[in-house]
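Colleague: Next one to model:
(4 chains)
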Protein chains: 4
Amino acid sequence: MVTREEVMFFDTDCGGVVHNLAYLRMIETCRTRLAATLGMDLVGMTQSMLFPVLTRTEVDYRRPAKLGDWLEIRGWLGEVGSVRFWCGFEIRRESDRELMVTAKQALAVVKMPEGKPQRLSFTE
Amino acid sequence: MVTREEVMFFDTDCGGVVHNLAYLRMIETCRTRLAATLGMDLVGMTQSMLFPVLTRTEVDYRRPAKLGDWLEIRGWLGEVGSVRFWCGFEIRRESDRELMVTAKQALAVVKMPEGKPQRLSFTE
Amino acid sequence: MVTREEVMFFDTDCGGVVHNLAYLRMIETCRTRLAATLGMDLVGMTQSMLFPVLTRTEVDYRRPAKLGDWLEIRGWLGEVGSVRFWCGFEIRRESDRELMVTAKQALAVVKMPEGKPQRLSFTE
Amino acid sequence: MVTREEVMFFDTDCGGVVHNLAYLRMIETCRTRLAATLGMDLVGMTQSMLFPVLTRTEVDYRRPAKLGDWLEIRGWLGEVGSVRFWCGFEIRRESDRELMVTAKQALAVVKMPEGKPQRLSFTE
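Modeller: Purely as a prediction, here's the structure:
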């Protein structure tokens, strides 16, 4: 799954570069679109109240993006366990393909609002 | 109700000043504490699913706050109608009492998730 | 200018609907793209340090959007004064064209970080 | 360094619990206060343009916090290298001392906007 984002003012801070929280928001958009391709779309989740929840995030901030940069966020499904699965992410600046951020996230699917984890069975 | 906030990196943008969204987040914290003094506390709302929802916001951005400024947010209950009430807000920089932002917000109390507005009866 | 957004988890709150700050973030994206068509693109602004800054926002929240809704944000240039101009915005749900949010914002163009307002001259 | 936060609507999402981005915002506030005690205060940074920037974040989301919970964020300085240092964080719910989130972040001190890393010398 590949999504694109143009860096807006609200993504930056007074250091002149993109704030670390903004990358994780961009990654969530990519992850949500990736989940939809795996059978977990947003509207369906609202009805079933089965939501993917993060259990772990690892992010490496490699190069700072700037206002007006176009970023490409690439996400993929990694290792799948019985109750937890991993996604991987790369954010690159489109103009020169520089790698800005890499990340891994572990998720579980839980029944909300109880928070009960479900056994995983992806439709691939 | 008076709340205080120290301007953090996540409040600023690459123009070097506080981003407009950050002031509204600070105002929400002040408004939430104000609501609690009027009988609408957060934990109670989660149980009753009666939530105050914004129907209108007016904000004037007068002077730009900067990283590390301490801001004082003052909020008060204004006019109360049958289904809508107004709150007023002022944000001042503590160091020199300069007025940075003024705002007014109209709210209704609605039963969620249906979104049904309730008749107002404040315990004053 | 028309932009589109799919409502993500980070746009919502525990009332089950889109949080008011999220609409203003969506409006900023639309406003930024609108500004680019008027000769103020993001990369150019970073070089000239001439930034459009908000002086006033008025928002009416009419109907609550939900997770997974696709929203259309339409923005246009309104009245232009000597140092301040107005933009108008409408947010509609794509599925049924319902009007969710209307907004008006006044902006000035200022030289940052001094904050000095500039006389306006749009290239139309 | 210990900071406190009351969970607000803007911290939550429609799953009914705190959104993952909100914890990292709370951690930034704690980290900023911690940095001030180590000789890096916000106002001083704005003048020197020497900013701490994140190079890596690891977060484990252990239990979901809810609207109205009071959270305690504890941060401490961990291992210090020649150009990178680590901070550790724990977020607990005050009512029952439950551990909600643990995190580690690696930072470098860089001269902005060039992004040049500086050799570390903490005043302890």
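Colleague: Assign the residue of chain A most remote from its centre to helix, strand or coil.
Modeller: Of all residues in chain A, residue A:14 has its C-alpha farthest from the mean position, at 24.6 Å, by CA atoms, centre = their mean. Put simply, residue A:14 is coil when judged by DSSP: H, G, I helix; E, B strand; the rest coil.
Colleague: Does it touch residue B:14 like I think?
Modeller: Yes. If you go by CB atoms under 8 Å, residue A:14 and residue B:14 touch, sitting 6.7 Å apart. All C-beta spots, glycine's among them, are computed from the backbone N, C-alpha and C.
Colleague: can you give me the strands in chain A?
Modeller: Ranges of strands within chain A are A:2-6, A:50-61, A:70-80, A:85-93, A:99-111, A:116-117, based on DSSP state E.
Colleague: Residue A:5 bridge partners, please.
Modeller: residue A:71 (DSSP bridges).
Colleague: is the lengthiest helix in chain A up against chain D anywhere?
Modeller: Using DSSP state H, we find that the single longest helix of chain A is helix A:20-37. Yes. Counting by CB under 8 Å from any CB of the partner chain, chain D has neighbours in helix A:20-37: A:20, A:21, A:24, A:25, A:28.
Colleague: Adding distance to chain C, write those residues out as TSV.
Modeller: Formatted as TSV, the residues of helix A:20-37 next to chain D follow (distance: CB to the nearest CB, whole Å):
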residue	distance to chain C
A:20	15
A:21	10
A:24	9
A:25	6
A:28	6
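Colleague: who in chain A is up against chain B?
Modeller: A:9, A:10, A:12, A:13, A:14, A:15, A:16, A:17, A:19, A:21, A:66, A:67.
Colleague: how far away is the closest residue to the fifth one other than its chain neighbours from residue B:76?
Modeller: Nearest non-adjacent residue to residue A:14, counting by CB to CB, 6 or more residues apart in numbering or on different chains: residue B:12, 3.8 Å away. Distance, residue B:12 to residue B:76, by CB to CB, to the nearest Å: 27 Å.
Colleague: Between those two, which is the more surrounded one?
Modeller: residue B:12 (25 against 13; other CB atoms under 10 Å in any protein chain shown).
Colleague: ok, now which ones touch that one?
Modeller: Contact analysis of residue B:12 by CB atoms under 8 Å, 6 or more residues apart in numbering or on different chains lists A:13, A:14, B:18, B:19, B:22, B:66, B:67.
Colleague: And those, which is the shakiest by pLDDT?
Modeller: pLDDT across these is lowest for residue A:14, at 91.
Colleague: residue contacts, that one?
Modeller: Here residue A:14 is in contact with B:9, B:12, B:13, B:14, B:15, B:16, B:17, B:66, B:67, D:46 (CB under 8 Å, 6+ apart).
Colleague: correct me, but residue A:6 touches residue A:68?
Modeller: Yes. Assessed by CB under 8 Å, residue A:6 is found in contact with residue A:68 at 6.9 Å.
Colleague: Mind listing the shared neighbours of the two?
Modeller: Going by CB under 8 Å, 6+ apart, residues that sit against residue A:6 and also against residue A:68 are residue C:42.
Colleague: Name the residue in these two with the higher neighbour count.
Modeller: Taking neighbours as other CB under 10 Å, residue A:6 and residue A:68 compare with residue A:68 leading, 20 against 16.
Colleague: Need phi/psi at that one.
Modeller: Per-residue torsions, residue A:68: phi 90, psi -10 (degrees, to the nearest 10).
Colleague: Give me the nearest residue to it, chain neighbours excluded.
Modeller: Closest to residue A:68 by CB to CB, 6+ apart is residue C:42, at 3.2 Å.
Colleague: neighbours around the one you found, how many?
Modeller: Residue C:42: 21 neighbours (other CB under 10 Å).
Colleague: ok, now residue A:48?
Modeller: 12.
Colleague: try the one 5 residues further on
Modeller: Residue A:53: 18 surrounding residues under other CB under 10 Å.
Colleague: So it sits against residue A:107, correct?
Modeller: Yes. Applying CB under 8 Å, one finds residue A:53 in contact with residue A:107, separated by 6.4 Å.
Colleague: for the residues of helix A:20-37 next to chain D, which one is nearest residue A:100?
Modeller: residue A:20 (11.4 Å; CB to CB).
Colleague: how about that closest one, what does it touch?
Modeller: By CB under 8 Å, 6+ apart, the neighbours of residue A:20 are A:59, A:61, D:24, D:54, D:57.
Colleague: Now do it, the pLDDT please.
Modeller: Residue A:20 is given a pLDDT of 97.
Colleague: Roughly how far does residue A:96 sit from chain D?
Modeller: 16 Å (CB to the nearest CB, to the nearest Å).
Colleague: and that residue, how far is that from residue A:71?
Modeller: Residue A:96 is 12 Å from residue A:71, by CB to CB.
Colleague: likewise residue A:40?
Modeller: 24 Å.
Colleague: and those two? which has more neighbours close in?
Modeller: residue A:71 (22 against 19).
Colleague: Quick check: which ranges of chain A have low pLDDT?
Modeller: Across chain A, the ranges flagged by pLDDT under 70 are A:122-124.
Colleague: mind running it again at 90?
Modeller: Residue ranges of chain A with pLDDT under 90: A:15-16, A:38-53, A:110-124.
Colleague: I'd like to know which residues of it are adjacent to chain D.
Modeller: A:14-17, A:20-21, A:24-25, A:28, A:46, A:51, A:53-61, A:64, A:112-113, A:115.
Colleague: if you set the cut-off to 7 Å instead, what comes out?
Modeller: A:15-16, A:20-21, A:24-25, A:51, A:54-61, A:64, A:112-113, A:115 (CB under 7 Å from any CB of the partner chain).
Colleague: ok, so of the residues of helix A:20-37 next to chain D, who is nearest residue B:34?
Modeller: Among these, and counting by CB to CB, the member closest to residue B:34 is residue A:21, at 26.9 Å.
Colleague: Now do that closest one: how many residues are near it, please.
Modeller: 18.
Colleague: Over to residue A:44?
Modeller: 12.
Colleague: Could you do the one 10 residues further on as well?
Modeller: The tally of other residues near residue A:54 (other CB under 10 Å) stands at 19.
Colleague: Quick check: it touching residue A:105?
Modeller: Yes. Shown here, residue A:54 and residue A:105 form a contact pair, counting by CB atoms under 7 Å, at 5.8 Å.
Colleague: Give me the nearest residue to residue A:7, chain neighbours excluded.
Modeller: residue A:69 (4.7 Å).
Colleague: brain fart, residue A:1
Modeller: The shortest distance from residue A:1 to any non-neighbouring residue, by CB to CB, 6+ apart, is to residue A:34 (4.0 Å).
Colleague: The one you found: what's it in contact with?
Modeller: A:1, A:75, A:77, A:87 (CB atoms under 7 Å, 6 or more residues apart in numbering or on different chains).
Colleague: Try it again at 10 Å.
Modeller: Neighbouring residues of residue A:34 by CB atoms under 10 Å, 6 or more residues apart in numbering or on different chains: A:1, A:2, A:3, A:40, A:74, A:75, A:76, A:77, A:87, A:89.
Colleague: ok, now which ones touch the third one?
Modeller: Under the criterion of CB under 10 Å, 6+ apart, the contact list for residue A:3 reads A:26-27, A:29-34, A:71-75, A:91.
Colleague: now do 6 Å
Modeller: Residues near residue A:3 by CB atoms under 6 Å, 6 or more residues apart in numbering or on different chains: A:29, A:30, A:73.
Colleague: Dump those residues to CSV, plus distance to residue C:120.
Modeller: CSV is the format used below for the contacts of residue A:3 (distance: CB to CB, whole Å):
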residue, distance to residue C:120
A:29, 34
A:30, 38
A:73, 36
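Colleague: Among those, find me the one that's closest to residue B:83.
Modeller: Scanning the contacts of residue A:3 for proximity to residue B:83, where the rule is CB to CB, the winner is residue A:29, at 35.8 Å.
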